[in-house]
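Visitor: Need coordinates for the following:
(one chain, ligands or ions: 2)
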Amino acid sequence: SDGPADAVLQGLDPEQREVATTLRGPVCVLAGAGTGKTRAITHRIAYGVRSGQLAPASVLAVTFTNRAAGEMRGRLRALGAGGVQARTFHSAALRQLQYFWPRAIGGEPPRLVERKVQLVAEAGARCGIRLDRGELRDATGEIEWAKATQTVPADYPAAARKAGREAPRDPAEIAQLYGMYEQLKRDRVLIDFEDVLLLTVGILQDRHDIAEQVRSQYQHFVVDEYQDVSPLQQRLLELWLGDRDSLCVVGDAGQTIYSFTGATPDHLLDFRRRYPHATVVRLVRDYRSTPQVVHLANGLLAQASGRAADHRLELVSQREPGPDPVYAEYADEPAEAEGTAARIRDLIAAGVPAGEIAVLFRINAQSEVYEQALADAGVPYRLRGAERFFERAEVQRALLALRGAARSAGNDPLLDDVVELGAQVRAVLGSTGWSPEPPAGSGAVREQWESLAALVRLAEDFARARPGATLADLAVELEERRAAQHAPTVQGVTLASLHAAKGLEWDAVFLVGLTDGMLPITYAKTDEQVEEERRLLYVGVTRARHHLTLSWALSRSPGGRPSRVPSRFLNGLRPGSGGRASRPGSGGGAGVERGPARGRARRGPVRCRVCGRTLTEAGEMKLMRCEDCPSDMDEGLYERLRAWRGIQAGRQGLPA
Ligand code: ATP
Ligand code: MG
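Guide: Ligands and ions are numbered 1, 2, ... in the order given. Down below sits the predicted model:
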């Protein structure tokens, strides 16, 4: 009887069931977040195995992260299909490479590069290209991108320009570095992760006997999150398949958030063209989130444009109504973090487990205030996919420098009435190569800069709260903060970047720092880049099962003038911003909550933020900067002007 197999189909809706029972030929599932794509393919494999139609060892399920692969193995085991391989592209390829190396190439398989960035640095030294730590990481990212898109060194400059890459150096230099890095690896018989894919592709292309052997083992392929497949991974998949077509892919073009690594939703969207006889299934029932969360997600989809958006499908929530999304506006960042921590404490008190709560942000440098606020509130937390703030190398180096400087600075107060405090800290950081102006472009250099800028803001807050404090006091304060931050725990609230949150879900999600400039992030310039930022917000919103809070702060530090506006992506979606209401039938009752400012409002004369002169001209006071001062200390003139205008415009729409 096929009773035990049918049991696997119990928890599926008719479309998911079609996916699960279509075990022959190509299958493509195009569906939005939370519609049960991952569930459908897991059950498909289990159904195939339990009904005897798929031999467990003949199935290869591929995902993109080790965590997702581990989770899938667990689910398969629970469904009675434990013998199936569920791996990342890399781990599947590595196994094959190690197995076939002696026969295809001879000798022992090479070792994996352990310290890739160090090897890139060495390549730089050989070419006479000196790179600092951040540039090194970014250059390494460029090399990875080039390899993932099958771009050889000579073609890198043209390809990088075409793709709008923001290389940390002249593309010709990156190309040279890339070539030298490859040579060093060859000389030392080392391979990196991209080589694992490249070499496996090479062997399968060249050696038909080996390709046939792999094909005789694996006959059925399943790929999750297919919108993020790189051209190289796609090539590998095609070689695994040969001329067969037992391939099931699932994905959501609306969640493409890794195109900077070479990933592209084209393979997903062109699946029908490649396999005209494919079974294409669309899922629209959202099983994850409440109607309120789904309504907001649909609103974001409706505003999206670009290729992914042409394929959007409205989601229909299958869950009971829950609370409306909360929109919370704060005067400054510390207030936002404290307000978030307070809400989290309330949720935990109301019975939501800490492990079911997440705080998601755009860049990892934003985590510091949240780590601090949660630590202050006694809430355990863990960071996913990022180093904890005080453990980041650049922050540790800065702390060392500050401690060193504190010995020589003696009793000089951090803040006097002419110089902003930040000035002393900035001077110390300046001696380590940091500059108040953000570096151009994105990537590791920018992240590093943001971490140090967060440190400067921390110092500024501290000096304001403790007039007369010295650099030594600051060093002690920072040391205490570092020590107070909790050790990572498994049960804690998750702090993660939006990128790291993909595929996951929580009962309560806090999307924080939703200002224009952070989401979309300032360096997203082209329409395509801005669209990817919007998709990031969509990914964030759709992680929430029940509670969703979206917040932003109008200024960075306590007492600072408002210089920021809520993310433009929320226009027409958040209450009071015009356009559609926050949800159907909300009766207009929902509004933007305003958290209390943490700091005292700035009193006394308004001073130029650059030279400290008291300002009298209205125009200058708005900018907090004299006309004569060439540039602002922390933000460009243009940016401040634009932000200020935006606030004025935004205010008119907001409830008083
Ligand atoms: P994402 O795009 O975020 O990866 P997804 O489409 O892969 O989402 P899943 O993670 O598979 O969605 O499912 C979302 C949630 O809905 C999970 O908690 C899953 O168990 C639940 N779910 C999916 N399908 C059903 C169903 N038919 N009945 C009940 N719950 C379901
Ligand atoms: Mg999924």
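Visitor: Distance from the chain centre to stretch 195-207, please.
Guide: Stretch 195-207 sits 30 Å away from the centroid of its parent chain (CA atoms, centre = their mean, to the nearest Å).
Visitor: neighbours around residue 162, how many?
Guide: 9 (other CB atoms under 10 Å). (Glycine included, C-beta is placed from N, CA and C.)
Visitor: again with residue 273
Guide: 8.
Visitor: Looks to me like it is in a helix.
Guide: Yes. Under DSSP: H, G, I helix; E, B strand; the rest coil, residue 273 sits within a helix.
Visitor: and the gap between it and ligand 1?
Guide: Noted for residue 273: a distance of 23 Å to ligand 1, by CB to the nearest ligand atom, to the nearest Å.
Visitor: And the pLDDT for that residue?
Guide: Predicted confidence (pLDDT) for residue 273: 94.
Visitor: show me what contacts it?
Guide: Neighbour list for residue 273: empty [criterion: CB atoms under 8 Å, 6 or more residues apart in numbering].
Visitor: Look up how far ligand 2 lies from whatever residue of the stretch 301-450 of the chain ends up closest to ligand 1.
Guide: In the stretch 301-450 of the chain, no residue comes nearer to ligand 1 than residue 318, which is 7.2 Å away by CB to the nearest ligand atom. Separation of residue 318 from ligand 2 (CB to the ion, to the nearest Å): 16 Å.
Visitor: swap in residue 125?
Guide: 43 Å.
Visitor: average pLDDT across the helix or strand where residue 477 lies?
Guide: For residue 477, the host element (DSSP states H and E) is helix 471-484. Helix 471-484 carries an average pLDDT of 77.
Visitor: likewise stretch 87-99?
Guide: Rounded mean pLDDT across stretch 87-99 is 90.
Visitor: same deal with stretch 122-130?
Guide: The model assigns stretch 122-130 a mean pLDDT of 94.
Visitor: Run through who's touching that stretch.
Guide: 131, 136, 139, 169, 173, 176-177, 180-181, 183-184.
Visitor: just stretch 62-82 next, same as before
Guide: Outside stretch 62-82, the residues touching it (CB under 8 Å, 6+ apart) are 4, 8, 38, 42-43, 45-46, 48-50, 56, 61, 84, 86-89, 91-92, 221-225, 228, 237, 503.
Visitor: Could you list which of those residues also contact ligand 1?
Guide: Among the contacts of stretch 62-82, the residues that sit close to ligand 1 (CB under 6 Å from any ligand atom) are 38, 503.
Visitor: Among the contacts of stretch 62-82, name the buried ones.
Guide: 8, 38, 42-43, 45-46, 48-50, 56, 61, 84, 86-89, 92, 221-225, 228, 237, 503 (16 or more other CB atoms under 10 Å).
Visitor: Keep only those of the contacts of stretch 62-82 that are in helices.
Guide: 4, 8, 38, 42-43, 45-46, 48-50, 89, 91-92, 237 (DSSP state H).
Visitor: Tabulate these (a markdown table), appending distance to residue 371.
Guide: As requested, these are exported to a markdown table (distance: CB to CB, whole Å):
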| residue | distance to residue 371 |
| --- | --- |
| 4 | 48 |
| 8 | 42 |
| 38 | 30 |
| 42 | 34 |
| 43 | 38 |
| 45 | 39 |
| 46 | 40 |
| 48 | 45 |
| 49 | 44 |
| 50 | 45 |
| 89 | 33 |
| 91 | 31 |
| 92 | 36 |
| 237 | 39 |
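Visitor: for those, which one is nearest residue 26?
Guide: Distance ranking of the ones in helices among the contacts of stretch 62-82 against residue 26, using CB to CB, places residue 237 first at 11.8 Å.
Visitor: Roughly how far does that closest one sit from residue 264?
Guide: Residue 237 sits 14 Å away from residue 264, going by CB to CB, to the nearest Å.
Visitor: Tell me the confidence at the residue nearest to residue 298 when sequence neighbours are not counted?
Guide: Once flanking residues are discounted, residue 298 sits nearest to residue 314: 5.3 Å by CB to CB, 6 or more residues apart in numbering. The model reports residue 314 with a pLDDT of 85.
Visitor: What is the burial count for the residue of the stretch 251-400 of the chain found nearest ligand 1?
Guide: The nearest approach of the stretch 251-400 of the chain to ligand 1 comes at residue 287, 3.3 Å away (CB to the nearest ligand atom). Using other CB under 10 Å, residue 287 has 17 neighbouring residues.
Visitor: again, but for the one 4 residues further on
Guide: Residue 291: 19 surrounding residues under other CB under 10 Å.
Visitor: What of residue 528?
Guide: Residue 528: 14 neighbours (other CB under 10 Å).
Visitor: Helix, strand, or coil at it?
Guide: Quick answer, by three-state DSSP: residue 528 is helix.
Visitor: residue contacts, it?
Guide: 164, 259, 306.
Visitor: which of the residues you listed has the most neighbours?
Guide: residue 259 (19 neighbours).
Visitor: hmm, back to that, which of the ones in helices among the contacts of stretch 62-82 lies closest to residue 369?
Guide: Using CB to CB, the ones in helices among the contacts of stretch 62-82 come closest to residue 369 at residue 38, 32.8 Å.
Visitor: Excluding chain neighbours, what is closest to the closest one?
Guide: residue 224 (5.7 Å).
Visitor: now do residue 481
Guide: residue 372 (6.2 Å).
Visitor: just residue 29 next, same as before
Guide: That would be residue 250: by CB to CB, 6+ apart, it lies 4.0 Å from residue 29.
Visitor: what element comes up after the host helix or strand of the one you found heading to the C-terminus?
Guide: Here residue 250, judged by DSSP H and E, is contained in strand 247-251. Sequence order places helix 266-269 as the next helix or strand after strand 247-251, per DSSP H and E.
Visitor: Phi first, then psi, for the residue in the chain that ligand 1 sits nearest to.
Guide: Relative to ligand 1, the nearest point of the chain is residue 36 (2.8 Å; CB to the nearest ligand atom). Torsion angles at residue 36 (phi, psi; degrees, to the nearest 10) stand at phi 90, psi 30.
Visitor: Ligand 2 contacts on the protein?
Guide: Neighbours of ligand 2 within the chain, by CB under 5 Å from the ion: 37-38, 503.
Visitor: Just send these back as JSON lines, with pLDDT too.
Guide: Shown next, in JSON lines, are the residues of the chain next to ligand 2 (pLDDT from 0 to 100):
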{"residue": "37", "pLDDT": "96"}
{"residue": "38", "pLDDT": "95"}
{"residue": "503", "pLDDT": "85"}
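Visitor: any idea how far residue 208 is from whichever residue of the stretch 351-500 of the chain sits closest to ligand 2?
Guide: Nearest to ligand 2, among the residues of the stretch 351-500 of the chain, is residue 500, at 14.5 Å (CB to the ion). Using CB to CB, residue 500 is found at 40 Å from residue 208.
Visitor: Please say which of the two ends up with more neighbours.
Guide: Each of residue 500 and residue 208 has its neighbours counted (other CB under 10 Å); residue 500 has more, 18 against 11.
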